[in-house]
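Chemist: need the 3D shape of this:
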Amino acid sequence: MVIGEKYEVLEVLGKGGCGTVYKVLEKSLDRILAMKETKLVSGTEREVYEKETRILKTCFHPALQAHRAGERSGPA
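Modeler: The predicted model follows:
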């Protein structure tokens with residue numbers, strides 16, 4: 001599976017009530033990342049995940065290389 005032509009999904013790392021975490025290859029930079037896809041149902045949940053993304057952007061560690069919040073349409 002490819003997400004937005006930029007990321008190739010390599011495997012599912014975990015799945016839960018809020019969504020799925022994938023191990024992905026960012027093709028343009030040839031690097032491995034984790035991507036969290038959430039199942040948002042309400043505006044309140046969206047705010048929680050946007051806040052989580054803002055908090056992660058303040059963290060600096062070699063294992064945390066990139067943080068991006070986005071949306072895509074269509075089936076997961």
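Chemist: now for the top strand by length along the chain, which elements pack on it?
Modeler: If you go by DSSP state E, the chain has its longest strand at strand 7-16. Counting contacts by 3 or more CB pairs under 8 Å, 6 or more residues apart in numbering; DSSP states H and E, strand 7-16 is packed against strand 2-3, strand 19-26, strand 31-38. From N, CA and C alone the C-beta is placed, and that goes for glycine too.
Chemist: which of those is buried the deepest?
Modeler: Across those, the average number of neighbours (mean count of other CB atoms under 10 Å) peaks for strand 19-26, which reaches a mean of 17.
Chemist: for that one, list the C-alpha coordinates in CSV.
Modeler: Taking C-alpha atoms only, strand 19-26 is exported to CSV below (Å, rounded to 0.1, in the frame of the first residue of the first chain):
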residue,chain,number,x,y,z
GLY,A,19,-6.3,3.8,14.8
THR,A,20,-3.3,2.1,13.3
VAL,A,21,0.5,2.7,13.4
TYR,A,22,2.4,1.7,10.3
LYS,A,23,6.1,1.3,9.5
VAL,A,24,6.5,3.3,6.3
LEU,A,25,9.3,4.2,3.9
GLU,A,26,9.4,7.9,3.0
